[in-house]
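Asks: What follows is a predicted protein model with its sequence.
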Amino acid sequence: MADFLEVYRSEAFVADGQGGNTAGVVLNAEHLTDDDMQSVASELGYSETAFVCRQKKRTIR
């Protein structure tokens, strides 16, 4: 796993950024394995975590 991950916290379903449903967003995650993603999501502790991966072929995973 990389030494540094760019992680953002997003608050969904709320107008002012307070409360709502918290989700993690991990950018440039194409180098992470499925096990790495599970580990990162578990460590963040949010109910939802999205991993943004650059791929040559358009796929949804």
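Replies: Arrived safely, thanks for sending. Numbers count the residues shown, from 1 in each chain.
Asks: beta partners of Ser10?
Replies: Beta-bridge pairing for Ser10 (DSSP bridges): Ala23.
Asks: Skipping adjacent residues, who's closest to Ala29 in space?
Replies: Spatial nearest neighbour of Ala29, chain neighbours left out: Phe51 (3.9 Å); criterion: C-beta to C-beta, 6 or more residues apart in numbering. Bear in mind the C-beta positions are built from the backbone N, C-alpha and C, glycine included.
Asks: shouldn't that neighbour be in contact with Leu32?
Replies: Yes. Taking contacts as C-beta atoms under 8 Å, Phe51 lies within contact range of Leu32: 6.6 Å.
Asks: And the residue nearest to Ala29, how close does it get to Ala23?
Replies: Going from Phe51 to Ala23 by C-beta to C-beta, to the nearest Å gives 11 Å.
Asks: show me the residues around Val40 that make contact.
Replies: Val40 sits next to Met1, Leu5, Val7, Gly24, Val26, Leu32, Thr49, Phe51 when contact means C-beta atoms under 8 Å, 6 or more residues apart in numbering.
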